[in-house]
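Participant: model this:
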Amino acid sequence: FYPVDDLHSKLQQFGIVSSETAENIFKEHWEFFMEVLISANLVVKLDPDKISFSDTTQYILQSSCYYIPIAFTTPPILTCDRSALHLQMSVDFPVTHFQVHFTRHFLAYNSGAKVFFTECNQMNATTYVYEGIHFDLIHHGEDIEFCIPDCDEQITLNMCTAIINSCHEVIEEQLMKRSFEFNFSIICSAESKRRHLLPDDV
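Facilitator: Sure, this is the predicted structure:
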């Protein structure tokens, strides 16, 4: 829909569809169609102040846009991060489009949080900035990884609290539709394949 060097075309490599692109596709009914996609949890609407780009991809957005993780053309991450915090859900009922659900809740309840985009983003991974620290959500279906870097203990605690609270928001929303089981866990050690379940009140 746009020339290759146009900003709106470049944004699509990050899974971002600008309002201008949506209008170009859906014409005068574009807002209605985007609301349908939002209600289906395929898309999350982002204001410019909720988006951050890497130093090599500094784009200036003037209006709201739409983040669509499944729009990425890059292959998914398939390997498991052994140091990550894991959210595991029933195999027979994983929460589809978890990246959209989590992004919506995480940004709504954490002032200053942003989605971080780089040219290396992959379709099942979303990077966030919270209190100046980057962390990744990697969606493996029934297993969700939160890759948190080593940092100050209090910052790590604040970040884990914000992540877990947002996960509970997503889960409570889904439990209204049907029941399923879930738990948070970490892998016991670098050599082990066993998981250590965290307490139920986490």
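
Participant: packing partners for the longest strand along the chain?
Facilitator: Criterion DSSP state E: the longest strand present in the chain is strand 133-140. If you count contacts as 3 or more Cβ pairs under 8 Å, 6 or more residues apart in numbering; DSSP states H and E, strand 133-140 packs onto helix 98-109, strand 125-130, strand 143-147, helix 153-175. For the C-beta atoms, the positions are set from N, CA and C on the backbone; glycine is no exception.

Participant: Dump these to TSV, plus mean pLDDT and distance to Phe116.
Facilitator: Formatted as TSV, these follow (pLDDT from 0 to 100; distance: least, Cβ to Cβ, whole Å):
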stretch	mean pLDDT	distance to Phe116
helix 98-109	94	11
strand 125-130	92	4
strand 143-147	90	13
helix 153-175	90	14
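
Participant: And the closest residue to Ser90 other than its chain neighbours, how far from Ile60?
Facilitator: Closest residue in space to Ser90, ignoring its immediate chain neighbours: Phe180 at 4.1 Å, by Cβ to Cβ, 6 or more residues apart in numbering. Distance of Phe180 to Ile60, computed by Cβ to Cβ, to the nearest Å: 42 Å.

Participant: higher neighbour count, the two?
Facilitator: Taking neighbours as other Cβ atoms under 10 Å, Phe180 and Ile60 compare with Phe180 leading, 16 against 7.

Participant: My understanding was that that one contacts Gln88; is that so?
Facilitator: No. Under the criterion of Cβ atoms under 8 Å, Phe180 makes no contact with Gln88, lying 10.7 Å away.

Participant: so what's Gln88 up against?
Facilitator: 142-144, 182-185, 195 (Cβ atoms under 8 Å, 6 or more residues apart in numbering).

Participant: List only those of these flagged as buried.
Facilitator: 142-144, 182, 184-185 (16 or more other Cβ atoms under 10 Å).

Participant: right, and the pair among the residues you listed with maximum separation?
Facilitator: Glu142 and Phe184 (13.4 Å; Cβ to Cβ).

Participant: Wait, a strand at the residue nearest to Ser90?
Facilitator: No. Per DSSP: H, G, I helix; E, B strand; the rest coil, Phe180 lies outside any strand segment and is coil.

Participant: Next one: it relative to Asn165, how far apart?
Facilitator: 19 Å.

Participant: Among the contacts of Gln88, show me the least confident.
Facilitator: Lowest in pLDDT among these is Arg195, which has 58.

Participant: How about the contacts made by the residue positioned nearest the centre of the chain?
Facilitator: Centroid check for the chain by Cα atoms, centre = their mean gives Gln99 as the closest residue, at 3.7 Å. With contact set as Cβ under 8 Å, 6+ apart, Gln99 has these partners: 69, 124, 126, 137, 139.

Participant: close enough to count as contact, Pro149 and Phe135?
Facilitator: Yes. Counting by Cβ under 8 Å, Phe135 is a contact partner of Pro149 at 6.8 Å.

Participant: neighbour count winner among these two?
Facilitator: Phe135 (22 against 12).

Participant: give me every residue that touches the more buried one.
Facilitator: Counting by Cβ under 8 Å, 6+ apart, Phe135 has contacts 127-128, 146-149, 159, 163.

Participant: Before I go, just wanted to say thanks for your time.
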